[in-house]
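In: Task: produce atomic coordinates for the following.
(one chain, ligands or ions: 2)
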Amino acid sequence: MTSLIEKATRRLEQLRQAGADVPDMPAPIKVAPAPVEATPKLPPIQSRLVELDLELLERNGIIIPSSPRSQLADQFRVIKRPLIKNAMGKGASEIVSGNLLMVTSALPGEGKTFTSINLAMSIASELDNTVMLVDADVARPSIMRMLGLPQGPGLLDLVLDDSKDLSEVLLKTNVDKLTILPSGTPHPRATELLASDAMTRLLEEMASRYPDRIIVFDSPPLLITTESRVLATHMGQIVVVVHAGKTLQSEVKQAIDTIDSCPVKMLVLNRSSSLFKGGYGYGYGYAGGYGYGQSQGQEQEQEQAA
Ligand SMILES: Nc1ncnc2c1ncn2[C@@H]1O[C@H](COP(=O)(O)OP(=O)(O)O)[C@@H](O)[C@H]1O
Ligand SMILES: [Mg+2]
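Out: Ligands and ions are numbered 1, 2, ... in the order given. Next up is the predicted model:
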């Protein structure tokens, strides 16, 4: 079928050949105005953008995407590799909610928050993965402080108010693939909120809404409160930070006993001076324990398969 424009062009050409004074440019085609919608659509909720001071973070020992090769960055490469594999369902066996990953430890001050942030930054530098860092240490939140950001609404507000959408409180950052979910408005019954059905629904939504997104939860110590134990029941993977030369073996064992239900547990040794060869103040060690609780033979098998 000949289009209207073709027809018009041909007509103009005929007129020109007949000696008519025809301008080169065809008259603008009038377009009918778009029909006005009865109810204007609300713009989609945009997550707020926050600016991380990357130079300051780097000075404080946090890996940033543009960091030159450092020992700490290398250590986190080793730690994150099997975690990403499991999260993406590419491990030895499929793990339910493998993309929900909690960082915890027996006691306060062992480096849970430091590890969570570095792990999230390290995963954010991957091409294929995005990462959401969640401050689930609702009683003593410290992610925002460690990142130099002000506290704001977050996790607890979502659990309290079903009508709130994740995107309303989630923070985008100047690190392309990293978003942050603060712990939110302090609440006297924070522990109960974390154990509520609303929290379970939220975690299920988080795990399934963006399958390529790895969600890293910073959490309270296992031997002091019960929050982490409750959270652990929803996690596909748990990283247990052990403060080298400080956490007692019995404490580590007791802590791991409390998170029995989680299919994958990885022990990482923090501040191990034997691993320190320069660069950052403390080293990280992969203390093994992958698939902890299995026999040594099975463990080796898993590591070879990974
Ligand atoms: N490997 C490390 N290198 C340098 N500083 C560290 C390291 N691990 C922890 N820290 C620092 O030690 C302090 C306690 O760590 P933090 O992550 O807050 O512990 P937790 O969250 O387990 O209570 C923080 O000031 C943190 O920056
Ligand atoms: Mg902490």
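
In: Next, Ser219: phi, psi?
Out: phi -140, psi 170 (degrees, to the nearest 10).

In: contacting residues around it?
Out: 102-104, 112, 136-137, 227-228, 231 (C-beta atoms under 8 Å, 6 or more residues apart in numbering). Any C-beta I mention is one placed from the backbone N, CA and C, and that applies to glycine too.

In: Relative to ligand 1, how far out is it?
Out: 9 Å (C-beta to the nearest ligand atom, to the nearest Å).

In: Okay, buried residues for the biggest helix by length in the chain please.
Out: Longest helix of the chain, by residue count under DSSP state H: helix 71-87. For helix 71-87, the neighbour count (16 or more other C-beta atoms under 10 Å) marks 71-73, 75-76, 79-80, 82-84, 86-87 as buried.

In: where along the protein do the helices fall?
Out: For the chain, the helices defined by DSSP H occupy 4-17, 54-59, 71-87, 112-124, 143-146, 155-160, 166-169, 190-194, 197-209, 227-232, 249-257, 296-305.

In: closest to ligand 2 out of the ones you listed?
Out: When the helices of the chain are compared by C-beta to the ion, helix 112-124 sits nearest ligand 2, at 3.4 Å.

In: quick one: is that closest one near ligand 2?
Out: Yes. With C-beta under 5 Å from the ion as the criterion, ligand 2 is reached by helix 112-124 at 112-113.

In: just checking, Lys265 touches Val240?
Out: Yes. Between Lys265 and Val240 there is a contact at 6.0 Å, judged by C-beta atoms under 8 Å.

In: Need the contacts of Ser219 in a markdown table (columns: neighbour count, pLDDT and distance to Gly91).
Out: A markdown table is the format used below for the contacts of Ser219 (neighbours: other C-beta atoms under 10 Å; pLDDT from 0 to 100; distance: C-beta to C-beta, whole Å):
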| residue | neighbour count | pLDDT | distance to Gly91 |
| --- | --- | --- | --- |
| Met102 | 26 | 98 | 17 |
| Val103 | 29 | 98 | 18 |
| Thr104 | 31 | 97 | 20 |
| Lys112 | 27 | 97 | 23 |
| Ala136 | 28 | 98 | 23 |
| Asp137 | 25 | 96 | 27 |
| Glu227 | 23 | 92 | 27 |
| Ser228 | 27 | 94 | 23 |
| Leu231 | 24 | 96 | 21 |
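
In: Kindly report the residues of the stretch 1-150 of the chain close to ligand 2.
Out: 112-113, 142.

In: make it 6 Å
Out: For the stretch 1-150 of the chain, the contact set with ligand 2 under C-beta under 6 Å from the ion comprises 112-113, 137, 142.

In: Please list which of those are also close to ligand 1.
Out: Counting by C-beta under 6 Å from any ligand atom, 112-113, 142 from those sit close to ligand 1.

In: Can you lay out those residues as CSV showing distance to Ala124?
Out: Converted to CSV, these look like this (distance: C-beta to C-beta, whole Å):
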residue, distance to Ala124
Lys112, 18
Thr113, 16
Ser142, 19
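
In: just to revisit the earlier point, of Lys265 and Val240, which one has the most company?
Out: Val240 (26 against 22; other C-beta atoms under 10 Å).

In: Quick check: the gap between the closest residue to that one other than its chain neighbours and ligand 1.
Out: Take Val240 and drop its neighbours on the chain: the residue closest to it by C-beta to C-beta, 6 or more residues apart in numbering is Leu267, 5.1 Å away. From Leu267 across to ligand 1, the span is 14 Å (C-beta to the nearest ligand atom).

In: you'd agree Leu267 is up against Val242?
Out: Yes. Leu267 is within contact range of Val242, at 5.8 Å (criterion: C-beta under 8 Å).

In: more neighbours, the two?
Out: Shown here are Leu267 and Val242; by other C-beta under 10 Å, Val242 has more neighbours (27 against 20).

In: Next up, the contacts around the more buried one.
Out: 105-106, 110, 252, 267-270, 287.

In: List the ones among those that fall in strands.
Out: By the criterion of DSSP state E, membership of the contacts of Val242 in strands covers 105, 267-270.

In: Pull the most distant pair out of these.
Out: Looking at the ones in strands among the contacts of Val242 by C-beta to C-beta, the two members farthest from one another are Ser105 and Leu269, with 11.1 Å of separation.
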